[in-house]
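Engineer: My questions concern the predicted model and sequence given below.
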Amino acid sequence: MQPKTANPFRLALFWLGIQAVWGALLGISLQSRTIELAPADSLIAYGRLATAGAIVAAVVQVMVGFYSDARRRRGSRRVEFYVVGALGGAVAIEFFFGAHTLVALTIAYVGVQAALNLAIGPYQAIIPDFVDREHTGIASSWMAAFQGAGNAIGALAASFITSARELGTALSALLLTTCLVTSAHVRRLTFVLSPSGAEKRAPVTRAFVDLFISRALLYIGFYTLLGYLLFYVDGVLGPATLAAGRRETGILIVSFTLVGALGAALAARPSDRMDKRLVATAGAAAFIVALALFIGSHSIAGVAAATVLAGLGWGIFLVADWAIACRLLPSDAMAAAMGIWNLAIVLPQIIAPALTTAVLQGLRLGVGHQAPQVAFALALCETLVGAAWLWRLPRCAIEQ
């Protein structure tokens, strides 16, 4: 007997497994493995790896999105993309942690990006496929909560599991298990809209462009905060050793992601009942205030308060952001549109460090506490403009 409604927990669980992988690789393991295999040139090697991965992610998501939508119109629930992506990702993860050369590591990392993004593009259409419009806020809150929880799990695993083989096995097992639960649930569901009855709209509209720009600006601010947090801790708080600074930074990142889950829970019902632009702006405002606290703080208490506020605001923003996309993007080309929409996350991973470096070089700031404070001031401006840009969206475009 088919369930009448989708279970938001089961729909979102695969996101936990995916985000655990990214929390481990992007936060810790990619850097540490690069240092192990290219100690004399680790910064440049890491930059090349990160850039190559971002490019592969962008290309795969857009390409597979169009194919996934074509499959959906023929009745597919897109489960085949989840399963192939998870299996391929699990294999690539094992190779990543077992690589003995930089070339092997590069191939494995590109493989992880290709496999997981093969699943991510179609998977991000799961809410509009199976959740009615009146409940997208609650479903989006589960996605946002599992994103934060997954990132925290991955970062903790990479920090405390010392064996590379055991870490790879743990991440692969979590990825496959969550994929199995979500896929089994989806196979028992019916579409909110039948494939033939799906609304036919162009994937890219003026409202879509405004949403993309707003989201990209906010994520540039986010990746600036994430990328320069260790430098901030080292320069402003002055830990005794670099290792101590890494530990303090790790604790802040985990705290940020866990509080983000709380923010996501708080934003669930408001995202269904209120103007979603207002909810997203409230989250961005909290993030902006947190950045101001970071800039003005010189003690661990102030930094801790800023971290909690930033996580809370980011969790709120993520829910509203996802809910807006589910309403705005076209049902007939949801995965393709989601793939393009997700470029607003991928491109900031390249833009944030490049823009910040240019500003710091222009100001001749390379060391000391002022450099990360300037970086955070730049993030504050980027987030402020992104939040303001969101109001270019007419309410009718996201409440239709």
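Structural biologist: That came in fine, so what should we check first?

Engineer: tell me the mean pLDDT over the host helix or strand of V103?
Structural biologist: With elements delineated by DSSP states H and E, V103 resides in helix 102-123, which encompasses its position. Helix 102-123 comes out with an average pLDDT of 94.

Engineer: centre of the chain versus that helix, how much separation?
Structural biologist: Chain-centre distance of helix 102-123: 15 Å, with CA atoms, centre = their mean, to the nearest Å.

Engineer: ditto for stretch 21-32
Structural biologist: Stretch 21-32 sits 13 Å away from the centroid of its parent chain (CA atoms, centre = their mean).

Engineer: go on, stretch 33-42?
Structural biologist: Between the mean C-alpha position of stretch 33-42 and that of its chain there is a distance of 26 Å (CA atoms, centre = their mean).

Engineer: for the stretch 201-350 of the chain, which spans come out with low pLDDT?
Structural biologist: Judged against pLDDT under 70, the low-scoring parts of the stretch 201-350 of the chain cover residues 201-204, 240, 242-243, 245-246, 330-339.

Engineer: let's see 90
Structural biologist: Under the criterion pLDDT under 90, the flagged ranges of the stretch 201-350 of the chain are 201-211, 223-254, 257-258, 260-277, 297-301, 318-350.

Engineer: which residue ranges form the helices in it?
Structural biologist: Secondary structure of the stretch 201-350 of the chain by DSSP state H, counting those that start in this stretch: the helices cover 206-232, 242-273, 276-296, 300-328, 334-341, 343-362.

Engineer: how about the ones you listed, which one is nearest L13?
Structural biologist: Distances from L13 to each of those were compared using CB to CB; the minimum, 14.0 Å, belongs to helix 242-273. Where C-beta positions appear, they are placed from N, C-alpha and C, glycine not excepted.

Engineer: if we can go back for a sec, which helices and strands sit right next to the helix or strand just after the helix holding V103?
Structural biologist: Using DSSP H and E, the helix or strand that follows helix 102-123 in sequence is helix 126-130. Here helix 126-130 touches helix 8-24, helix 136-160, helix 164-186, helix 300-328, going by 3 or more CB pairs under 8 Å, 6 or more residues apart in numbering; DSSP states H and E.

Engineer: how about the helix holding V103: buried residues?
Structural biologist: Counting neighbours by 16 or more other CB atoms under 10 Å, one finds that the buried residues in helix 102-123 are 102, 105-106, 108-123.

Engineer: mind listing what Y232 touches?
Structural biologist: In this structure, Y232 makes contact with F294, H369, P372, Q373, A375, F376, judged by CB atoms under 8 Å, 6 or more residues apart in numbering.

Engineer: Got a ChimeraX select line for the buried ones in these?
Structural biologist: Applied in ChimeraX, the following selects the buried portion of these according to 16+ other CB under 10 Å:
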select :294,369,372,373,375,376
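
Engineer: Show me the one of the helices and strands packed on helix 126-130 that comes nearest R74.
Structural biologist: Within those, the stretch nearest R74 is helix 164-186; the backing value is 16.1 Å (CB to CB).

Engineer: what residues does the closest one touch?
Structural biologist: For helix 164-186, the surrounding residues in contact (CB under 8 Å, 6+ apart) are 6-7, 10-18, 20-21, 24, 29, 33, 77-79, 82-83, 85-87, 89-90, 93-94, 96-98, 119, 126, 130, 153-154, 157-158, 161.

Engineer: what about 6 Å?
Structural biologist: Contacting residues not belonging to helix 164-186 are listed as 10, 13-14, 16-17, 20-21, 24, 77, 79, 82, 86, 89-90, 93-94, 97, 157, 161 [CB atoms under 6 Å, 6 or more residues apart in numbering].

Engineer: and the gap between the nearest residue to A284 once chain neighbours are set aside and A375?
Structural biologist: Spatial nearest neighbour of A284, chain neighbours left out: A387 (3.8 Å); criterion: CB to CB, 6 or more residues apart in numbering. For A387, the distance to A375 under the criterion CB to CB, to the nearest Å works out to 19 Å.
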